[in-house]
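Peer 1: next one to model:
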Amino acid sequence: MPVIESQGNEVMVFQFAMYDIRSDEVQRSKRWATQDFIERVSAIRVGAGVKVDASLVNSDGLTDRDFDPHRGPGGFQTEVAMTMRP
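Peer 2: Residues are numbered from 1 along each chain as shown. Okay, the predicted model is just below:
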């Protein structure tokens with residue numbers, strides 16, 4: 001069983017992409033994963049990591065499908081990204 005690196009009750013997870021033989025394209029996963037998982041499966045890390053509660057990551061280092069770290073447990077958005085237009 002893999003060891004998941006964590007700081008207290010938090011784990012750093014990242015979006016990642018892998019080659020999909022069905023579509024013959026690199027596809028972004030619907031899950032987030034630890035750096036250890038991404039390296040083990042030779043995936044491509046996408047973007048910056050986010051610290052999440054360790055209970056949201058399984059023993060393999062993956063979150064649930066359609067995971068969004070910016071939504072609270074009830075599915076409500078907890079952060080807003082602001083963009084400035086000239």
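Peer 1: so what pLDDT did the spatially most central residue of the chain get?
Peer 2: The residue lying closest to the centre of the chain (CA atoms, centre = their mean) is residue 32, at 1.9 Å. Listed pLDDT for residue 32 reads 96.
Peer 1: in which helix or strand does residue 39 reside?
Peer 2: helix 35-40 (DSSP states H and E).
Peer 1: which elements pack onto that helix?
Peer 2: In terms of contacts (3 or more CB pairs under 8 Å, 6 or more residues apart in numbering; DSSP states H and E), helix 35-40 is packed against strand 10-20, strand 44-53. No exception for glycine: its C-beta is placed from N, CA and C like everyone else's.
Peer 1: just the buried residues of the helix or strand hosting the residue nearest to the centre of the chain, please?
Peer 2: Assigned by DSSP H and E, residue 32 belongs to strand 25-33. Residues of strand 25-33 classed as buried: 29, 31, 32, 33 (neighbour count, 16 or more other CB atoms under 10 Å).
Peer 1: just stretch 41-60 next, same as before
Peer 2: Neighbour counts over stretch 41-60 (16+ other CB under 10 Å) mark 43, 50, 52, 56, 57 as buried.
Peer 1: let me have those in CSV, adding distance to residue 21 and pLDDT as columns.
Peer 2: CSV is the format used below for the buried residues of stretch 41-60 (distance: CB to CB, whole Å; pLDDT from 0 to 100):
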residue, distance to residue 21, pLDDT
43, 14, 96
50, 29, 94
52, 30, 93
56, 29, 93
57, 26, 94
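Peer 1: ok, so of those residues, who is nearest residue 23?
Peer 2: residue 43 (15.6 Å; CB to CB).
Peer 1: contact partners for residue 20?
Peer 2: Residues in contact with residue 20 (CB atoms under 8 Å, 6 or more residues apart in numbering) are 26, 27.
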